[in-house]
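Here is my input; please provide its structure:
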Amino acid sequence: MKKLFLLSALSASLSLGGYTTAQAQQNETGIVFRKDAFADVLKESARTGKLVFIDCYTSWCAPCKWMEKNAFTNDTAANYYNAHFINYKIDMEKGEGPELRKRYGVQVFPTYLFLDSKGELVHKATSRMEVSEFVEEGKKALDPTRSLTAMEKAFNNGERSKENLLSYALALQKTDRNKADTVSRMLIAALTDADMLSPLGWKTIQAFAWDEEEKLGKYFTAHRDEYTKKYDAKAVSNVKERLLSTALYGLIRKKDSTAFYARLAPWLNSSDTGIQRKAVMMEAEFYLTMTNVKGFVKVTDKALEGIMQRDDIGLSFLARRCQYLAKGSQPFLQQCYKLAKRAAVIDPKEYGNQSTLAKICQELGNKPEALEAAQAAYDLSLLETSKIQKIAQKELDAVKEMK
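As a prediction, this is how the structure comes out:
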């Protein structure tokens, strides 16, 4: 009887322990990521029959942190991924990360891998995503007709309908841009005028129309009103702005000021703040290319007091671009400094802001401020990758050697 009691108690204890573990997992907020070694994760996949989902991240990747905060903690995403996958995440610069990065060709962060129990790739995607898109990627991984591996196999077997080409090209956009270009060109060549206004044609235009002089851009421009009536007006506007950006950059390269300002006019007169920022960036690029200091100063001074007065990222970008194209021109560099200084004041804890300011001060021969910014950049780099730390150290050493 005593033995029976002990066995019963042990059985109850084990059952309670199992329940407690499961309950703890259920009570966790967001996706439950395993902390085992990669080999153990594959064993769990084999035991359960579930695919492995891997979040490939780095400590310095801003989109990775956004996903961690906004997608992985979302109930809808968590419920789906916890139910259908063995979830695993790994820093691609630590532990087993570098080996897995090489094995699966991880080039950008975040990258999402979906593997079978043998470690074979089933599906792959990249970039920051909204919850609905992130869940959709999981559904694709489980669909034997929509996963990246399945679409690649179908393509190689000659299954090249327009629908298949579009799906494959869209998937490749997130994993292999060169191959995506090849497949998208095949799709575009196959599209007829009758296809262009169809949902398939519209999806193709949204993804691959970049130049208003090419097939997709020409058709869209000629039939824009029809697209506006048939599809989402904001999406139509996005394609329009993208095509205009390409055209404007082309006119900048040609240094055609008359045509450039004629095309830029809608942006200059827009009430949309996002479009206004684009106009500033484009006009600044024009003046830099034309080596027109007065024009560049006028545009950027106005932006400093207006649309970009709190936009440290935009100002820092303009400062770096200005420094690159200034080629030592002191008047340009003085304005570069003004932009970089404001960016560093807005957000002094942003590595890029301090690094940009340090480089410009160094080029201007301003050692005290260059040293202060370079030291700040180095201190901030300690929160980044070892590669960035080495760059920051090299820049700090160069400033210290200034006469």
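
okay, CA-based contacts and neighbour counts for the rest of this
OK.

measure the closest residue to residue 207 other than its chain neighbours to residue 129 for me?
Leaving aside its chain neighbours, residue 207 sits nearest to residue 170 (7.5 Å; criterion: CA to CA, 6 or more residues apart in numbering). Separation of residue 170 from residue 129 (CA to CA, to the nearest Å): 14 Å.

Tell me which of those two has more neighbours.
Neighbour count, other CA atoms under 10 Å: between residue 170 and residue 129, residue 170 has more, with 21 against 17.

Residue 348 in helix, strand or coil?
Here residue 348 is recorded as coil under DSSP: H, G, I helix; E, B strand; the rest coil.

If you tally nearby residues, what's the number for it?
For residue 348, the count of nearby residues is 18 (other CA under 10 Å).

looking only at pLDDT, what's the mean for the helix or strand containing residue 274?
Secondary structure assignment for residue 274, by DSSP states H and E: helix 273-289. When pLDDT is averaged along helix 273-289, the result is 96.

residues making contact with it?
The contact list for helix 273-289 (CA atoms under 8 Å, 6 or more residues apart in numbering) reads 248-249, 252-253, 255, 264, 267-268, 270, 293, 295-296, 299-300, 303, 307-308, 318, 322, 325-326.

Those residues in helices, which ones?
Per DSSP state H, helices hold the following members of the contacts of helix 273-289: 248-249, 252-253, 264, 267-268, 293, 295-296, 299-300, 303, 318, 322, 325-326.

Going by secondary structure, residue 86 is in what exactly?
Per DSSP H and E: strand 85-91 holds residue 86.

What distance do you get for the residue nearest the centre of the chain to residue 72?
Nearest to the mean C-alpha position of the chain, by CA atoms, centre = their mean, lies residue 127 at 4.7 Å. Between residue 127 and residue 72 the computed distance is 14 Å (CA to CA).

Please apply the same query to residue 147.
Applying CA to CA, the value for residue 147 to residue 72 is 21 Å.

swap in residue 353?
Taking CA to CA as the measure, residue 353 falls 29 Å from residue 72.

neighbour-wise, which of those two wins?
Between residue 353 and residue 72, counted using other CA under 10 Å, residue 353 has the larger neighbour count: 29 against 21.

ok, for that one, nearest residue in space, not its chain neighbours?
Using CA to CA, 6+ apart, the closest residue to residue 353 is residue 344 (5.1 Å).

Equivalent analysis for residue 347, please.
Distances taken as CA to CA, 6+ apart place residue 312 nearest to residue 347, at 6.7 Å, with adjacent residues excluded.
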